[in-house]
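**Q** coordinates only, sequence not included:
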Ligand SMILES: CC(C)(COP(=O)(O)OP(=O)(O)OC[C@H]1O[C@@H](n2cnc3c(N)ncnc32)[C@H](O)[C@@H]1OP(=O)(O)O)[C@@H](O)C(=O)NCCC(=O)NCCS
C-alpha cells in the first residue's frame, strides 16, 4: 500500500470510491436521497467536488491523499484542510447546497451545512482558530476495508499534526468514530441534522486528536 497526493487524473477514481464507500455513512443518503434515481448526475456532481478539492491544494491548503494498490490505483482517499497554513477557510464551498443537483435534497444540504458550520464554530474554530488540521473526508472502497487503509491515511495527517504541534479536528460518522477512537481521538460532542418540517435526521460526531493525547 502506497500513500500519495491525488492528481487531476485520479478524479474519476476518487469519485468512484466516494459513491461506492460513502453510502455507509448515514449523512450520504440523508443529503442525496435521489442518488439511485440519478446515478450519472450523482457521479458527475461528486467528480466536480473532488476536482475542486484537488485543484484547491495551492489556494486553499486542501490536500487529497490517496492510498493505492500495487498498480498505483487509488483504493481509499482522505481530504485534509491544512488550516494552520492560514490560506483559506478550508474548502467549505464543496459542501455548499446546489439547487441544480437532482440527486440531492436542497433543504437537507442546507440543514447539513448550517449544522456543520455551527458545530465547527462551537467545538473547533472558536477554540483553535486556524491552528488545526481538519480531516474533512475519509473513505475506503468496500473491497479494501479492514486492512489498515483507513488507519494509514489517518496517520499521514496525524503525523503532520504532531510535527506542526496542532490538533486534528474531525466530524465523524459512526464507522469513522470507531477508527478515530482507536487511534486516540476524543469525542467532544454530537449534533443532529434535521431540515425544517421533516422527521428524518442524522447525527454526526465531533472528535479531536489533541496533540498531547496522540496515541503513539
Ligand atoms: C471508516 C472507514 C474509513 C475505515 O476504513 P478501513 O480501511 O476499513 O479502516 P482500518 O482497516 O484501518 O480499520 C478498520 C477496522 O479494521 C481492523 N483492521 C485493520 N487492519 C486489519 C487487518 N489487517 N486485518 C483485519 N482487520 C484489520 C481494525 O482493527 C478496525 O477494526 P475496528 O473497526 O473494530 O476498530 C471505512 O469503513 C469507510 O470508508 N466507511 C464508510 C465511510 C465513512 O463512514 N467514513 C468515515 C467518515 S468520518
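**A** Structure's in. What do you need? It should be emphasised that the depicted structure is a prediction, and the values quoted were computed from it without experimental measurement.
**Q** just give me the residue right at the centre of this structure.
**A** The central residue of the chain, meaning the one whose C-alpha is nearest the mean C-alpha position (Cα atoms, centre = their mean), is residue 137 at 1.6 Å.
**Q** for that residue, give me phi and psi.
**A** Dihedral angles of residue 137 (phi, psi; degrees, to the nearest 10) stand at phi -140, psi 140.
**Q** and what of residue 158?
**A** Summarising the backbone geometry of residue 158 under the convention degrees, to the nearest 10, its torsions are phi -70, psi -40.
**Q** so residue 9 versus the ligand, what's the distance?
**A** The spacing between residue 9 and the ligand, counted by Cβ to the nearest ligand atom, to the nearest Å, is 22 Å. Quick note: C-beta positions are derived from backbone N, CA and C, even for glycine.
**Q** okay, now that residue: neighbour count?
**A** Using other Cβ atoms under 10 Å, residue 9 has 8 neighbouring residues.
**Q** I'd say the residue nearest to the centre of the chain and residue 77 touch.
**A** Yes - the pair residue 137 and residue 77 qualifies as a contact (Cβ atoms under 8 Å) at a distance of 6.8 Å.
**Q** anything in contact with each of these two?
**A** Counting by Cβ atoms under 8 Å, 6 or more residues apart in numbering, the common neighbours of residue 137 and residue 77 are residue 18.
**Q** so what's residue 130 up against?
**A** 83, 84, 86.
**Q** check contacts around the last one.
**A** Applying Cβ under 8 Å, 6+ apart, one finds that residue 86 lies in contact with 61, 130.
**Q** how about 6 Å then?
**A** Residue 86 makes contact with residue 130, according to Cβ atoms under 6 Å, 6 or more residues apart in numbering.
**Q** same check, this time on the second one
**A** Residue 84 is in contact with 130, 131, 164, 166, counting by Cβ under 6 Å, 6+ apart.
**Q** skipping its backbone neighbours, what lies nearest it in space?
**A** Nearest residue to residue 84 in three dimensions, chain neighbours excluded: residue 166, at 5.0 Å (Cβ to Cβ, 6 or more residues apart in numbering).
**Q** and the one you found, how many residues sit next to it?
**A** Other residues within reach of residue 166 by the criterion other Cβ under 10 Å amount to 20.
**Q** mind pulling up the pLDDT for it?
**A** Each residue has a pLDDT score; the one for residue 166 is 95.
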